[in-house]
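>>> sequence plus the predicted model coming up.
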Amino acid sequence: MTAAVGVRERPFAWRKTVDWVAVHSLGLALGLMFTLPIVFVFLTAVMSDGQAFTEDLWPREWHWGNFLEVFERAPLLKYLGNSLLYSSLATAGMLISSIPAAYALAKLRWRGRNVVFLLVVGAMMLPPQVVAVPLYDTWSSLGLTGTLWPLIAPYFLFDAFSIFLLRQFILTIPQSYVDAARVDGCGEFQAMLRIVVPMARPGIAATALFCFLYTWNDYFGPLLYTSEKPDQWTLSLALSTFKGMHHVQWNLAMAVTLLIMVPAVVLFAFAQRSFVKGITFTGVKG
């Protein structure tokens, strides 16, 4: 009797597994599509120089010393410090400038608000390369080329995408909360800090993560302003140069690539819940 029941349960379990695979097939395919390149980079990073980029996809010997050798070939800790300085200050400057602007566009009523919002949307569509030359001339006249400050300072003034994203999220916060704070005697700045900012933490976290990852992976900006000053290079610029210096040693280049990915992956892992929540609620109302 028990054996018969077991025979009957096996087809049911198999059918359940097939149904699960069918329902999640698209997700599984996308997961494999994004995971396989990372696996390939990892396997190449622990290969020998002679085996990398050959027909062998699995390492004959595991060369873990490649991750130490890259620090001997290039001052990666210096480049890491420059990348952290650039990304951290740019993210902080973005929050300082974008939160008040988004609050004003979402919760304050003033003449010309919709026009200003359209200008913000238009600035999002403007490619950065269009204004690269005039901006470079401006920073050059100030004597700041060759440093990271031309990349950091603009975030303390204006970032169109961050203002747009935060404005859309703040719109989802009921206006009654802000009105109640005003009735209790709070000014606009106090209402923003005490009411809106705590309620908008998921949107702020998502925006900060977008800004940090963008600046962390930025290549064009550091190339434009710091290409002649190696001590100011970020990891993204140093990686490209590293590949040029050791173009036949793809195992070392892949090892550097993995090391660069680690901070971004760790940051996303810790902020994943707030990031998903911020993206989910952004744009619900507007």
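Received it, and whenever you're ready, just let me know what you need.
>>> how close does residue 46 get to residue 239?
18 Å (C-beta to C-beta, to the nearest Å). Just so you know, the C-beta spots here come from the backbone N, C-alpha and C atoms, and that holds for glycine as well.
>>> actually, residue 37.
16 Å.
>>> what does residue 150 give?
On the measure of C-beta to C-beta, residue 150 and residue 239 end up 21 Å apart.
>>> with residue 269 instead?
For residue 269, the distance to residue 239 (C-beta to C-beta) stands at 22 Å.
>>> quick one, which of those two is more surrounded?
Set residue 269 next to residue 239 and count neighbours by other C-beta atoms under 10 Å: residue 239 wins out with 20 against 9.
>>> got phi/psi on that one?
Residue 239 adopts backbone torsions of phi -60, psi -40, taken as degrees, to the nearest 10.
>>> what's the spacing between it and residue 249?
Residue 239 is 13 Å from residue 249, by C-beta to C-beta.
>>> residue 97 too?
In terms of C-beta to C-beta, residue 97 sits 42 Å off from residue 249.
>>> how about residue 132?
33 Å.
>>> over to residue 193?
52 Å.
>>> excluding covalently adjacent residues, which one is nearest to the residue most central in space within the chain?
Computing the C-alpha centroid of the chain and ranking residues by C-alpha atoms, centre = their mean puts residue 213 first, at 2.3 Å. Excluding the flanking residues, the one nearest residue 213 by C-beta to C-beta, 6 or more residues apart in numbering is residue 264, at 5.8 Å.
>>> do I have it right that the one you found meets residue 216?
Yes - the pair residue 264 / residue 216 is scored as a contact, 5.7 Å apart, by C-beta atoms under 8 Å.
>>> those two: who's more crowded?
residue 216 (22 against 15).
>>> check contacts around the more buried one.
83, 86-87, 235-236, 263-264 (C-beta atoms under 8 Å, 6 or more residues apart in numbering).
>>> narrow the residues you listed to those that are buried.
If you count burial by 16 or more other C-beta atoms under 10 Å, the buried members of the contacts of residue 216 come out as 83, 86-87, 235-236, 263.
>>> so which of these is the closest to residue 202?
Among the buried ones among the contacts of residue 216, residue 87 lies closest to residue 202 (C-beta to C-beta), at 20.4 Å.
>>> which ones are touching that closest one?
Counting by C-beta under 8 Å, 6+ apart, residue 87 touches 211-212, 215-216.
>>> can we see that at 6 Å?
Residue 87 sits next to 212, 215-216 when contact means C-beta atoms under 6 Å, 6 or more residues apart in numbering.
>>> from the residues you listed, which land in helices?
Among the contacts of residue 87, DSSP state H puts 212, 215-216 in helices.
>>> give me the residues contacting stretch 55-62.
For stretch 55-62, using C-beta under 6 Å, 6+ apart, the contacting residues are 46-47.
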